[in-house]
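Q: Mind folding the following:
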Amino acid sequence: MFFTQVLGSLAFAAMVAAAPTQPLSERGAGTPYTGVMNEAQCKAHKTRVTKGDADKGFGVSVKNDDSKTRSFFVYSNGCERTPYTQLADVGPGKTAFVALPAKFQGRLQRGTAAVHMNKKEGVDTTLGTWLELGYDASGVSYGDVSLIRGCDGGVTLHNTDGTKKTMGFSANCVEGAPKAALGKKLDGGAAVLATEGFKKPGEPNPDQPKIIAAPRDWLLKKLTDKSGKAETKAYIDDYHGNPVIADAKGRWSAIFHKNP
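A: Coordinates of the predicted model:
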């Protein structure tokens, strides 16, 4: 995932334009969006709610490949408590487009408004499959599917610039997961737990993520293909490949597969 987020997909960060060099303390809530939000911007931001934007450029066409109506939440890096945008009430089998600003760096994940629009301290919205997107200064976008913060269902990502690149998976990795690898989201849905965590003081290599074996090993088992590689599909942790694709036009198509 992106370097400014909680953990993971560190290699991806190098492929996206660097964050602004101006110190965060000098960028107030009124500062134009630059891809990463500071604390003041995050507190001042009011989540934009849409049931579908005009498909005019930067953004993602999201298909809800589920039997239930789902909502999706866009988070900008640097702002965990307030979604940048809510794509609300996408019906079963339906598709809706959500626009993204230039220089966007962040993620899209499925969830409920009751959880993701709750600004109370300690509300953890991170558990689940992340669709990560970032735009460089020229408008080229990079995308991946990350399971480092958990997995609540498959996601496939397709670029639309004619190069026909695809990332992600449709397999149900939640059903059948061992108890040690399985958790529950705040909305009650099941999810495979995060594969990385923070190290305790005194543990070796403090700058490197701590691997959580049960969910990591389960996801490797579920997503390993006939060639013996799972890292070509998604970020399972920060040590198995760099599964990123690009789109020269910054427009993506994504399918969120059935959530158990």
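Q: drop to CA atoms for contacts and neighbour counts, all remaining ones
A: Will do.
Q: which residues sit against the helix or strand hosting Phe97?
A: Phe97 is located in strand 95-99, with elements delineated by DSSP states H and E. When contacts are defined by CA atoms under 8 Å, 6 or more residues apart in numbering, strand 95-99 is touched by residues 50-55, 57-64, 87, 90.
Q: Return the members of the residues you listed classed as buried.
A: 52, 57-64, 87, 90 (16 or more other CA atoms under 10 Å).
Q: For the residues you listed, give me JSON lines that also has distance to Ser138.
A: Shown next, in JSON lines, are the buried ones among the contacts of strand 95-99 (distance: CA to CA, whole Å):
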{"residue": "Gly52", "distance to Ser138": "25"}
{"residue": "Gly57", "distance to Ser138": "14"}
{"residue": "Phe58", "distance to Ser138": "12"}
{"residue": "Gly59", "distance to Ser138": "15"}
{"residue": "Val60", "distance to Ser138": "18"}
{"residue": "Ser61", "distance to Ser138": "21"}
{"residue": "Val62", "distance to Ser138": "24"}
{"residue": "Lys63", "distance to Ser138": "27"}
{"residue": "Asn64", "distance to Ser138": "30"}
{"residue": "Leu87", "distance to Ser138": "26"}
{"residue": "Val90", "distance to Ser138": "31"}
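Q: between the residues you listed, which is nearest Thr112?
A: Thr112 lies nearest to Leu87 out of these, by CA to CA, at 10.4 Å.
Q: ok, now which ones touch the closest one?
A: 49-52, 71-74, 96, 98.
Q: Within its sheet, name the partner strands of the host helix or strand of it and how each one runs.
A: Assigned by DSSP H and E, Leu87 falls within strand 85-90. For strand 85-90, the paired strands and their directions (DSSP bridges) are strand 48-50 (parallel), strand 70-76 (antiparallel).
Q: Tell me which of these is the most buried.
A: Neighbour counts (mean count of other CA atoms under 10 Å) averaged over each of those peak at strand 70-76, with a mean of 23.
Q: and it with strand 95-99, angle?
A: On the basis of axes from the mean of the first three to the mean of the last three CA atoms, to 10 degrees, strand 70-76 is oriented at 20 degrees to strand 95-99.
Q: where does Lys164 sit relative to Ala248, distance-wise?
A: 12 Å (CA to CA, to the nearest Å).
Q: With Gly143 instead?
A: 11 Å.
Q: now Lys226
A: From Lys226 to Ala248 the distance is 30 Å (CA to CA).
Q: What of Pro260?
A: For Pro260, the distance to Ala248 equals 34 Å [CA to CA].
Q: quick one: which of the two has more around it?
A: Ala248 (16 against 13; other CA atoms under 10 Å).
Q: tally of neighbours for the residue nearest to Ser71 when sequence neighbours are not counted?
A: Setting aside the residues directly before and after it, Ser71 is nearest to Ala88 in space (CA to CA, 6 or more residues apart in numbering), at 4.5 Å. The tally of other residues near Ala88 (other CA under 10 Å) stands at 21.
Q: could you measure Ala88 against Cys173, distance?
A: For Ala88, the distance to Cys173 (CA to CA) stands at 25 Å.
Q: ok, back up a step: present the buried ones among the contacts of strand 95-99 as CSV; the columns should include distance to Leu147 and secondary structure.
A: As requested, the buried ones among the contacts of strand 95-99 are arranged in CSV below (distance: CA to CA, whole Å; DSSP: H, G, I helix; E, B strand; the rest coil):
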residue, distance to Leu147, secondary structure
Gly52, 26, coil
Gly57, 27, coil
Phe58, 24, coil
Gly59, 21, strand
Val60, 19, strand
Ser61, 21, strand
Val62, 18, strand
Lys63, 19, strand
Asn64, 19, strand
Leu87, 21, strand
Val90, 23, strand
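Q: All set, thanks.
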